[in-house]
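A.B. asks: A predicted structure for the sequence below; I have some questions about it.
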Amino acid sequence: MELDDPKTIRKLWLGFYAVLGVLLLLDPKLLELIHVLEHDPHHAAKFVVDGWPVFYAVFGFVTCWVMVMGSKLVIGKILMRPDTYYDQSPLDPTRDAKHRRLPDGR
Amino acid sequence: MAASFPPGLVLIIGALLTAVTPGKAHKAWSLLAPLVALAVIWTFPDNGRIVQHWLDYDLVLAQFNLPTKAFATIFALMAFGGALFALNQDRRVELSGAMLYAGAAIGVTFAGDLITLFMFWEVMALGSTLVVWAGNTEAARKSGRRYVNAHLVGGAILMAGIALHVHHTGSILVPKMVLGGDLLEPVRMIAEGGRTWLVPSLDTPGSILMLVGILINAGTPALGSWLPDAYPEASPSGTVFLSAFTTKTSVYVLLVLFAGCNILVWVGCLMAIYGIVYAILENDMRRILAYSIINQVGFMVCAVGIGTGLSVNGATAHAFAHIIYKALLLMSAGSVLFMTGKRKCTDLGGLYKAMPITMWCGIIGALAISAVPLTSGFTTKSMITDAAAMVELWAPVAELDGQVVWASLLHPSVAWFVLVAASAGVFLHAGIKFPWFVFLQKPAPKNDDRKLDPPANMKGAMIFFALLCIALGLFPKPLYDILPFQRADGTPLYEAYNYAHVINQLQLLLFAGLAFFVLLDRLKRTLTITLDADWVYRRMFPGLWQWVFRPLLLALEPIHEGLIEDLPRMAAREFGAGSAKRGGVRYQRWGVGTTVLLLTVVLLAFLLLNLFVDS
């Protein structure tokens, strides 16, 4: 079984989906709803939404989506620069326009 | 006698021995000194106090504050693990700098007064700068200089705060922490003479300055961009040392001085999110991990702000676990850099066959930082999120028209949602991103028979720390036993493993993982960096000088010359001794040298005269 074989990768994906599905089914609040699990006062909802079934799964996926998109499309658009920005920039006072070190460039 | 010796000094002596011992023998000291320090820490008597009179103060060089034992223990362990990792490298400056650094960090945790604390704090800046400079490249030299400047400024601000505080209260002692009754209750801080310690309420300039000085070291956004600037420039082993001490010492100092300071909850939330956003965008593997330090320290800072017994325990336990798994991640990254010479995610990938041990150790570190059940992150970080959920215990309230309302800008529950989102984000940016882009990402070459796992000592250090990550996840009791607050009846402090918690955590993380692979195209690394606050002093200030102030000054040069040359000359011609009558003697300029000499002589005269004046 080779890790870079497309068949293996396909199997890994299927396994991943299966684990995700099982996790959704095992959700404690879901099990409480269908009375498989007793209500546990130690895990009572603190902020309403965290008492909804599969809250953690949805919250994890959505916030990660938002964080990736937010950092890429907002922060990245404004603040991303080529990685030579600091060391070979015409603005660098220690180097001349051709990136050669100036004699008094410390 | 070991018990009456300040534990921090053990490692500082070790640093000197490492520096002066000839040949390869110096490395032996770097392995021995942390172990001796560990022994001294654990044999230090519970009520022991080493007091030294200095000037007008009784300095408490060493005593146990409540979080001391956990922090000092992990600092000594870390110094040992780091030294083991660095054993095959010949950078004496780095090794002795690191010992100095670790010793000073332990010194801070044992300090019983603010002056001792500050002195060790500054030694720490010194040692860590040596470690950065030992990276021995042009980039390391430059960023080391920025690093030391940031820390000197931070130190000066902290010292100003301490001076104001001491002047205001007349006491230099660190306060005592006590717990009301139950672990869930807020921690109370008692200053010298039984008074309430008022620093966390931030109502004096001194306390605000102290907080700013400490937050600079903690890596708080806008003040902490020295961290991702300097850490990735050190050597492969240097970064391992750097990751452990500075920020976690700040967490310790925040704990003993600022527990319950509510604004820190929001500072911590900001750090947690900021770390993730930047780590998502970074390409350099050690810069990714540097930003994830800020993210993790955010959890701890938040816990300090919450200030209940559970959260103080959580901050301490999380710092302990964090040092281990972060060092492990950076050892893994360091091994990759050491063996391949590559540091950018765009250049890496496909190493899973060539470096299996490095990869698995890195993956264990990545799982631990993401707080996957069975790892140390799960048994420690959960305490912080749980403490944040109990808003009624920590959030300030005010009365408005006879109704009790939250006295904060944001609803306090926001803190919990941010921390949970940040937990998911950790898995995204460190838990999967690091191993994926470094070891997997692209297929390994056909018939890959490269043997790139690093030398035995580096492997040994990684395996040692990987085992610790799992051990603390399975059996957290030894760690729980040295946390600041214990239950009076000896029942377990915290039970991380129960059905709902484990399943919810797995849901959160694996769906974050799904988001990672769904968005993989968006996450493809590019040859970029993302500007941080260090842009202000790396670009804005030099730019302002070059394009605004210097041209302005040059434009004003004629006026300046007129003032310093023409005006005196004119005065001399018109009114001077050599004017009209003699004509021969003209106004002469003194060089700078003469002026300085004259000034020195005058100052010397003052100094000498001063000796003869009483009081």
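C.D. replies: Looks like it came in fine.

A.B. asks: make it CA atoms for all contacts and neighbour counts henceforth
C.D. replies: Noted.

A.B. asks: Count residues in the vicinity of residue 80, would you?
C.D. replies: No chain specified, so I'll use chain A. Residues within reach of A:Met80, counting by other CA atoms under 10 Å in any protein chain shown, total 20.

A.B. asks: Actually, chain B is the one I wanted.
C.D. replies: Around B:Phe80 there are 23 other residues, counting by other CA under 10 Å.

A.B. asks: So it sits against B:Val36, correct?
C.D. replies: No: the criterion here is CA atoms under 8 Å, and B:Phe80 misses it with B:Val36 at 10.2 Å.

A.B. asks: how close does the closest residue to B:Lys176 other than its chain neighbours sit to chain A?
C.D. replies: Distances taken as CA to CA, 6 or more residues apart in numbering or on different chains put B:Ile190 closest to B:Lys176, at 5.1 Å, once the chain neighbours are dropped. Counting by CA to the nearest CA, to the nearest Å, the gap from B:Ile190 to chain A is 32 Å.

A.B. asks: Quick check: pLDDT value at B:Ile190.
C.D. replies: Here, the pLDDT recorded for B:Ile190 equals 93.

A.B. asks: what's near enough to touch residue 79?
C.D. replies: Reading this off chain A. Going by CA atoms under 8 Å, 6 or more residues apart in numbering or on different chains, A:Leu79 touches B:Thr530, B:Leu531, B:Asp532.

A.B. asks: Actually, chain B is the one I wanted.
C.D. replies: When contacts are taken as CA under 8 Å, 6+ apart, B:Ala79 is in contact with B:Pro34, B:Ala98, B:Met99, B:Ala102, B:Phe241.

A.B. asks: for these, which one is nearest B:Ser250?
C.D. replies: Among the contacts of B:Ala79, B:Ala102 lies closest to B:Ser250 (CA to CA), at 13.5 Å.

A.B. asks: Model confidence at that closest one, what's the number?
C.D. replies: On pLDDT, B:Ala102 comes in at 97.

A.B. asks: about what we covered before: tabulate the contacts of B:Ala79 (JSON lines), appending distance to B:Pro7, secondary structure and neighbour count.
C.D. replies: Formatted as JSON lines, the contacts of B:Ala79 follow (distance: CA to CA, whole Å; DSSP: H, G, I helix; E, B strand; the rest coil; neighbours: other CA atoms under 10 Å in any protein chain shown):
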{"residue": "B:Pro34", "distance to B:Pro7": "10", "secondary structure": "helix", "neighbour count": "28"}
{"residue": "B:Ala98", "distance to B:Pro7": "16", "secondary structure": "helix", "neighbour count": "32"}
{"residue": "B:Met99", "distance to B:Pro7": "13", "secondary structure": "helix", "neighbour count": "38"}
{"residue": "B:Ala102", "distance to B:Pro7": "11", "secondary structure": "helix", "neighbour count": "34"}
{"residue": "B:Phe241", "distance to B:Pro7": "19", "secondary structure": "helix", "neighbour count": "35"}
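
A.B. asks: Residue numbers of chain A in contact with chain B?
C.D. replies: Within chain A, the positions lying close to chain B (CA under 8 Å from any CA of the partner chain) are A:4, A:20, A:23-24, A:26-28, A:43, A:46-47, A:54, A:56-61, A:63-65, A:67-68, A:71-72, A:76, A:79-86, A:91-93.

A.B. asks: ok, 6 Å please
C.D. replies: Residues of chain A lying near chain B by CA under 6 Å from any CA of the partner chain: A:4, A:28, A:56-57, A:60-61, A:63-64, A:71, A:79-83.

A.B. asks: State the number of residues packed around B:His53.
C.D. replies: Residues lying near B:His53 (other CA under 10 Å) number 10.

A.B. asks: and it, what helix or strand is that in?
C.D. replies: Per DSSP states H and E, B:His53 falls inside strand B:49-54.

A.B. asks: partners of that strand in the sheet?
C.D. replies: Sheet pairing for strand B:49-54, assigned by DSSP bridges, gives strand B:57-63 (antiparallel).

A.B. asks: what residues does the stretch 401-550 of chain B put near chain A?
C.D. replies: Residues of the stretch 401-550 of chain B lying near chain A (CA under 6 Å from any CA): B:421, B:424-425, B:443, B:500, B:504, B:507-508, B:511-512, B:515, B:527-531.

A.B. asks: scratch that, chain B is what I was asking about
C.D. replies: Within chain B, the positions near chain A by CA under 6 Å from any CA are B:277, B:421, B:424-425, B:443, B:500, B:504, B:507-508, B:511-512, B:515, B:527-531.

A.B. asks: Apply the buried test to the residues you listed and list what passes.
C.D. replies: Among the residues of chain B next to chain A, the ones that count as buried by 16 or more other CA atoms under 10 Å in any protein chain shown are B:277, B:421, B:424-425, B:500, B:504, B:507-508, B:511-512, B:515, B:527-531.

A.B. asks: so what's the closest residue in space to B:Gly161 that isn't next to it in sequence up against?
C.D. replies: The shortest distance from B:Gly161 to any non-neighbouring residue, by CA to CA, 6+ apart, is to B:Gly206 (4.0 Å). Taking CA atoms under 6 Å, 6 or more residues apart in numbering or on different chains, we find B:Gly206 in contact with B:Gly161, B:Leu164, B:His165.
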